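Engineer: pasting a predicted model and its sequence here:
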Amino acid sequence: MLLDLREILDVPGSRLAFRRELDTARLDFPAVLRYLGPISAEGEIVNTAGVLTARGGIDAELLCVCDRCGAEFRQSRHTDVDAPIVPAGDGEEDEAFCLTGDALDIDDLLETVFILDMDTKFLCRSDCKGLCPKCGRNLNDGPCGCRPDIDPRFAVLEQLLDK
């Protein structure tokens, strides 16, 4: 959606509020099974001494799969939005979003900020133990009973312990 910024472009100190629900089609991640509700974004475009900035937040509820143990879990995400906006062809800053004429593609800005804030690994909990590499049991549920691999350099010593 293009957000018309003509009314605040030349008025330092002015603000333009926005409220959007993002389309989940472009926000597909391998570890996200589905979004449990709409992804809502709210904020404002602020003109501070001629410099435009988008400020606000994005909230989402996700159903994810743990990258270590494969368990499903719910996650609430809040992403802060604080993105500079520049006129097209004005320096083309890497971390700034460009205007199209006097308008801004607010969906593109919000989707990009949300994607860049996503974790590279989705874990059901920070101390997830994962799966046993031998039997595949979820180690968060308790030990699996598999014997640990013996270092081949100590194999002869293990024979002494067996006696």
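Structural biologist: Alright, I've got the coordinates.

Engineer: for the most centrally placed residue in the chain, phi and psi?
Structural biologist: Central residue of the chain (CA atoms, centre = their mean): Met118, 1.4 Å from the mean position. Dihedral pair for Met118: phi -70, psi 150, per degrees, to the nearest 10.

Engineer: distance check, it against Pro148.
Structural biologist: 35 Å (CB to CB, to the nearest Å). Glycine gets a C-beta too; all of them are placed from N, C-alpha and C.

Engineer: number of nearby residues for Asp141?
Structural biologist: 10 (other CB atoms under 10 Å).

Engineer: do you know how far it is from Cys124?
Structural biologist: Distance of Asp141 to Cys124, computed by CB to CB: 12 Å.

Engineer: same check, this time on Met118
Structural biologist: 16 Å.

Engineer: kindly report the same for Arg15.
Structural biologist: With CB to CB as the criterion, Arg15 and Cys124 are 40 Å apart.

Engineer: more neighbours, the two?
Structural biologist: More crowded of Arg15 and Cys124, by other CB under 10 Å: Cys124, with 20 against 13.

Engineer: please name the residues that touch the residue nearest to the centre of the chain.
Structural biologist: Phe29, Arg77 (CB atoms under 8 Å, 6 or more residues apart in numbering).

Engineer: pLDDT score assigned to it?
Structural biologist: Met118 is assigned 91 on the pLDDT scale.

Engineer: could you do Leu160 as well?
Structural biologist: On the pLDDT scale, Leu160 gets 75.

Engineer: Gly91 now?
Structural biologist: Gly91 is given a pLDDT of 56.

Engineer: where do the strands sit along the chain?
Structural biologist: 2-4, 15-22, 32-35, 39-48, 51-65, 72-86, 97-98, 103-105 (DSSP state E).

Engineer: nearest to Gln159, of those?
Structural biologist: strand 51-65 (43.0 Å; CB to CB).

Engineer: how far does the closest one sit from the chain's center?
Structural biologist: Offset of strand 51-65 from its chain centre (CA atoms, centre = their mean, to the nearest Å): 9 Å.

Engineer: Pro133: how many residues sit nearby?
Structural biologist: With other CB under 10 Å as criterion, Pro133 counts 10.

Engineer: alright, calling it a day.
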